[in-house]
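*Asks:* how does the following fold in three dimensions:
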Amino acid sequence: MLFLVAALSLSFHAADVDAVSRGLFERFELASGVRLFVLHSAAAPRESIFSFVPLGLASDGPGQAQWSHLVEHMLIRSNDPEGFSSGGVTLNGETMASSLRLDTYAEPDQWRSALARHVRWLSTREFDAEVLEREKSNIASEEEITLERGATGKWAVAAWNQIVRCGREHAAVHGDVAGAEVDALAAYVGERVHIGPGITFIAAGPVEPEELRGALEEEFALSEDSGVGKEGGGRGKTVCEASRLFDFGDACATWDLDAWHYLEWYALPARSPEERLAAEIIAERVAASLSASKEPLLAGGRATAGSEIETADGRVLLLSVSVDSGTDIDGLREVLADLLAHCAEDGKGRMPLSMSIMQMGMQSAVTPNFSALRRRFGSSPAADLVEGQVALGLFSLEARTGIALTDLAGVCQALDPDSVRAIAKESLVPGRRSSLLLEPGR
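*Replies:* Okay, the predicted model is just below:
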């Protein structure tokens, strides 16, 4: 449900009668250690609630490729077996590289039911074997559909984690899910998912922040699970002793999907807020260059880039390209190297770097015009989700950079375009590259 992002970035104004000021979020840390961020907008037609668990495709354990994805399915379907809506609440889930996100979009009078559903999902510790087999089948269907479209990036991250971080020679991206058993999966969830530190809730809509905080505290008190006092409660990232994240070199490995995929990654410095922000700007410009590229090897949505690949071993800029069995990999590396060499430069249709920095800072200095955004979407269901998607996008920016939105403008003002160029020039070079070519194999 991230279909609003492109439109949202175009609709920010200095003031709006039904928008919050750019203090943006009311922030709470609850007794359990859970963080709660609330964007209050009285005119919002729905209350959007997201819960984040630090468990993702880049942090699953050895021999547990995309178990985080399976956990997403099972947490929801163990409580809501059918459909994507229930009693005025729309349900959704998404498993990403670094986190698992559970969503509800509720009619205003159903927000408490939606909130309770999140707590129930996160507290689930028992699974039904029949439901597990059904969700395995659903995931297999997802794999088939995406393979037909050549959209193998999500599965490639799961394979990358198994081979690069877990030290395995083969990634059973399909097989690890197909072989999962109820007791083992329940133990996995019991170890890595707890209502406690590491869990974050985001809420956006008409409900008052203090009312949300109080209701969430009450729901946690009623829950059978709490991360309070539990060592590592809520932390989903695992340190892998076999990890070769930063010294992998260029290698090939097999996975059990009938597809070829190429990944390469670079460490970017993150010692200071300025360096973290520079890394985010570089990643955005690389992604934009990939999207605009006319090179046949990159065209048609075959290539993506993201800085959100964060593991317990560190954070990297990951480039991911769906390829064919006959693709000239050396030629592809040259194309990517040329793109990276120019990503921080001005000209040739690229946005001036100073403008990239300014736009980043504006996200914390202006207020989104929610009314204008709703008008843009007309009668589409997307109109009801505007506040939630704004909150989600801006929180994700804060999470990726580690910089509070209230500090973002100041960090941007202190950021010199020449410093960003220097980081790109030093970091995004073939000598700093690691790469993995995935090819079919059993």
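*Asks:* so which residues make contact with stretch 86-93?
*Replies:* 1, 72-73, 75-76, 80, 83-85, 100-107, 109-110, 113-114, 117 (Cβ atoms under 8 Å, 6 or more residues apart in numbering). To be clear about C-beta, it is placed using only N, CA and C from the backbone, and glycine gets the same treatment.
*Asks:* export that stretch to CSV, keeping only CA atoms.
*Replies:* Extracted in CSV, the C-alpha atoms of stretch 86-93 (Å, rounded to 0.1, in the frame of the first residue of the first chain):
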residue,chain,number,x,y,z
SER,A,86,-12.9,-7.0,8.9
GLY,A,87,-15.5,-4.8,10.6
GLY,A,88,-14.5,-1.5,9.1
VAL,A,89,-10.8,-2.3,9.4
THR,A,90,-8.6,-3.0,6.3
LEU,A,91,-5.6,-5.3,6.9
ASN,A,92,-2.2,-5.4,5.3
GLY,A,93,1.4,-6.6,5.9
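*Asks:* low-scoring stretches of the stretch 1-150 of the chain, by residue?
*Replies:* Within the stretch 1-150 of the chain, the ranges that satisfy pLDDT under 70 run 1-23, 83.
*Asks:* excluding its backbone neighbours, what's nearest the residue nearest the centre of the chain?
*Replies:* The residue lying closest to the centre of the chain (Cα atoms, centre = their mean) is Met96, at 4.5 Å. Counting by Cβ to Cβ, 6 or more residues apart in numbering, Met96 lies nearest to Gly56, which is 5.4 Å off, once chain neighbours are set aside.
*Asks:* so the one you found is in which element?
*Replies:* Here Gly56 is covered by no helix or strand, with elements defined by DSSP states H and E.
*Asks:* list the contacts for it?
*Replies:* 68, 95-100, 236 are the contacts of Gly56 under Cβ under 8 Å, 6+ apart.
*Asks:* and it, how far from Arg442?
*Replies:* Distance, Gly56 to Arg442, by Cβ to Cβ, to the nearest Å: 26 Å.
*Asks:* from the contacts of stretch 86-93, list the buried ones, please.
*Replies:* 1, 72-73, 75-76, 80, 100-107, 110, 114, 117 (16 or more other Cβ atoms under 10 Å).
*Asks:* thinking again about what came up before, neighbour-wise, which of the contacts of Gly56 leads?
*Replies:* Ser68 (29 neighbours; other Cβ atoms under 10 Å).
*Asks:* which residues does the helix or strand harbouring it contact?
*Replies:* Element membership of Ser68, judged by DSSP H and E, is helix 67-77. With contact meaning Cβ under 8 Å, 6+ apart, helix 67-77 is reached by 55-57, 59-61, 91, 93-95, 100, 102, 121-122, 124, 127, 131-132, 134-136, 138-139, 158, 176-177, 180, 185, 188-189, 193, 236.
*Asks:* among those residues, which are in strands?
*Replies:* 91, 93-95, 100, 102 (DSSP state E).
*Asks:* so which helix or strand takes in Glu334?
*Replies:* helix 329-342.
*Asks:* isn't Arg244 up against Val164?
*Replies:* Yes: in this structure, Arg244 is within contact of Val164 by Cβ atoms under 8 Å, at 6.0 Å.
*Asks:* give me the more crowded residue out of these two.
*Replies:* Val164 (27 against 15).
*Asks:* how much space between that one and Glu274?
*Replies:* 28 Å.
*Asks:* what's the spacing between Ala382 and Arg375?
*Replies:* For Ala382 relative to Arg375 (Cβ to Cβ), the value is 12 Å.
*Asks:* again with Ser86
*Replies:* Taken as Cβ to Cβ, the span from Ser86 to Arg375 is 29 Å.
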